[in-house]
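*Asks:* Could you work out the structure for the sequence below:
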Amino acid sequence: MVTQPDDAKRSVIHAAAISEFSARGFNRTSMSNIAGAAGMSRPALYQYFRNKGDIFGSAFVALLDASADAALAELERDAPIADRLDGFLQRFEGDLWETMSASPHADEIMSAKTEHATIGALAVIARLQAGLTTFLEAESNVDVATRESWIELARLSPRGFKLDEPTVDVYRRRLTALARSLAADIGTAR
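*Replies:* As a prediction, this is how the structure comes out:
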């Protein structure tokens with residue numbers, strides 16, 4: 001049975017796992033690799049996680065959660081709407097793309113995410129969407145359908161921006177253009 005770990009130890013394991021998965025890919029990373037990078041024995045690692053997939057899912061969702069926290073904080077800043085939306089997109093989408101682009105195993109990692117972290121990732125996306133909804137309700141006085149179309153653009157457009165596998169700088173510029181376009185539409189709808 002897996003014991004309840006303390007948050008500090010889990011954070012160390014998550015950081016070690018992310019580093020190892022980025023460097024080696026999911027398939028070539030072992031529990032021993034992660035334990036060594038976390039400064040603990042392999043048997044000790046099993047006190048916290050059942051297997052490599054369990055560690056991967058937990059670490060990936062923790063990474064998404066941290067990015068979501070940073071993105072939602074951007075919406076709370078005292079800044080123009082375009083800057084807050086850009087910050088929101090940059091902290092979640094841009095920072096994650098930068099992290100993934102740095103790994104030669106990005107495709108393999110994304111495939112593993114689908115297998116091991118889907119439920120947790122969906123919960124993070126729902127939290128982001130709720131935060132964006134609250135922001136848009138406060139910043140505009142439009143009908144629900146218009147707000148939902150803005151959220152859909154903010155949620156789905158970044159996926160399309162990655163189709164040609166752009167550099168991080170190009171991807172970030174695309175996110176900024178999206179933020180400015182949404183902000184302009186929000187400004188006219190006020």
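*Asks:* Which residue is the nearest non-sequential neighbour of the residue nearest the centre of the chain?
*Replies:* Compute the mean C-alpha point of the chain, and by CA atoms, centre = their mean the closest residue is L64, 3.4 Å away. Spatial nearest neighbour of L64, chain neighbours left out: V124 (4.3 Å); criterion: CB to CB, 6 or more residues apart in numbering. For glycine as for every other residue, the C-beta is placed from the backbone atoms N, C-alpha and C.
*Asks:* in the helix or strand containing the one you found, what's buried?
*Replies:* In this structure, V124 sits in helix 118-139 according to DSSP states H and E. By 16 or more other CB atoms under 10 Å, the buried positions in helix 118-139 come out as G120, A121, V124, R127, L128, G131, L132, F135, L136, E139.
*Asks:* re earlier: measure the residue nearest to L64 to N33 for me?
*Replies:* V124 sits 26 Å away from N33, going by CB to CB, to the nearest Å.
*Asks:* in what helix or strand does N33 lie?
*Replies:* helix 31-38.
*Asks:* Run through the neighbouring helices and strands of that helix.
*Replies:* helix 7-24, helix 42-45, helix 52-76 (3 or more CB pairs under 8 Å, 6 or more residues apart in numbering; DSSP states H and E).
*Asks:* Which elements pack onto the first one?
*Replies:* Read that as helix 7-24. helix 31-38, helix 52-76, helix 106-116.
*Asks:* Same list (the ones you listed) but as JSON lines, adding mean pLDDT and distance to D164.
*Replies:* Below are the helices and strands packed on helix 7-24 laid out as JSON lines (pLDDT from 0 to 100; distance: least, CB to CB, whole Å):
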{"stretch": "helix 31-38", "mean pLDDT": "98", "distance to D164": "33"}
{"stretch": "helix 52-76", "mean pLDDT": "95", "distance to D164": "23"}
{"stretch": "helix 106-116", "mean pLDDT": "81", "distance to D164": "15"}
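*Asks:* any chance of these in CSV, with distance to D7 too?
*Replies:* Shown next, in CSV, are the helices and strands packed on helix 7-24 (distance: least, CB to CB, whole Å):
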stretch, distance to D7
helix 31-38, 14
helix 52-76, 10
helix 106-116, 21
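*Asks:* And these: which comes nearest L163?
*Replies:* In terms of CB to CB, the element of those nearest to L163 is helix 106-116, at 13.6 Å.
*Asks:* and the closest one, what does it pack onto?
*Replies:* Against helix 106-116 (3+ CB pairs under 8 Å, 6+ apart) you get helix 7-24, helix 52-76, helix 95-101.
*Asks:* now these as TSV including distance to G187?
*Replies:* Formatted as TSV, the helices and strands packed on helix 106-116 follow (distance: least, CB to CB, whole Å):
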stretch	distance to G187
helix 7-24	38
helix 52-76	16
helix 95-101	26
